[in-house]
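Peer 1: task: produce atomic coordinates for the following.
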Amino acid sequence: MPARQLLQALMRARTLTLFALVSAGLCMVNAFKAPSYGAGRLLPLSDEITQPELASLMGELQRLTHKMALSADAGNAELVNFYMHESLEQMKKIQTEVPDYEGQPVALLMERMGQPAYATMQEAVNAKDKQQMLAALDAVVQSCNACHVATLHPFIRITRGTEVNPFNQSFRP
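Peer 2: A predicted model of the protein is given here:
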């Protein structure tokens with residue numbers, strides 16, 4: 001190969017190498033630049049509005065109902081009334097945020113099955129009678145389980161749960 005052709009080949013190789021290095025450098029700079037939609041701002045994973053998880057909301061209702069049960073077992077009508085009120089608030093939240101779940105009419109079933117049981121509980125609280133409160137509590141628990149059966153979740157079975165107090169709270173009046 002003549003010297004002139006060798007020199008041209010070397011110049012092309014040098015130009016290509018330099019072009020490759022510059023391109024790589026630009027890629028590196030762009031990799032560390034903020035996205036074009038705004039520096040320091042992250043885009044949400046999805047624009048889709050997601051429904052709250054029903055299990056979490058029901059878990060809170062279960063916790064409140066359990067505290068209501070421990071209060072009734074201790075004969076503390078004032079505390080039963082407090083946890084009953086909180087339970088009803090949680091039920092409203094569930095009905096509003098998750099009216100339907102996997103094709104099941106959650107809000108409607110809570111209204112038709114849960115609300116009447118809590119009305120009976122209110123009567124027992126007003127009477128301040130421990131046995132009446134426990135009987136009404138059993139009706140609340142039964143309404144929960146009947147709803148689980150109706151929504152094809154019979155494997156979720158709620159109990160009175162007054163055998164053990166896992167909370168660092170006294171439920172005595």
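Peer 1: C-alpha only now, for contacts and for neighbours.
Peer 2: Will do.
Peer 1: the helices in this structure, which residues?
Peer 2: 3-32, 54-73, 77-97, 106-109, 115-127, 130-150 (DSSP state H).
Peer 1: need the ones you listed in a markdown table with mean pLDDT, can you?
Peer 2: Converted to a markdown table, the helices of the chain look like this (pLDDT from 0 to 100):
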| stretch | mean pLDDT |
| --- | --- |
| helix 3-32 | 59 |
| helix 54-73 | 96 |
| helix 77-97 | 97 |
| helix 106-109 | 96 |
| helix 115-127 | 96 |
| helix 130-150 | 97 |
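Peer 1: need those in TSV with mean neighbour count and distance to residue 172, can you?
Peer 2: As requested, the helices of the chain are exported to TSV (neighbours: other CA atoms under 10 Å; distance: least, CA to CA, whole Å):
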stretch	mean neighbour count	distance to residue 172
helix 3-32	11	62
helix 54-73	20	7
helix 77-97	18	9
helix 106-109	19	33
helix 115-127	18	15
helix 130-150	20	12
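Peer 1: relative to residue 157, which of the ones you listed is closest?
Peer 2: Evaluated over those, closeness to residue 157 peaks at helix 130-150, with 5.7 Å, by CA to CA.
Peer 1: list the contacts of the closest one.
Peer 2: Helix 130-150 is contacted from outside by 69, 72-77, 109-110, 113-114, 117-118, 120-121, 124-125, 154-160, using CA atoms under 8 Å, 6 or more residues apart in numbering.
Peer 1: try stretch 105-116
Peer 2: Contact with stretch 105-116 is made by 91, 94-96, 98-100, 140, 143-144, 146-147, as judged by CA under 8 Å, 6+ apart.
Peer 1: try it again at 7 Å.
Peer 2: 95, 99-100, 140, 143-144, 147 (CA atoms under 7 Å, 6 or more residues apart in numbering).
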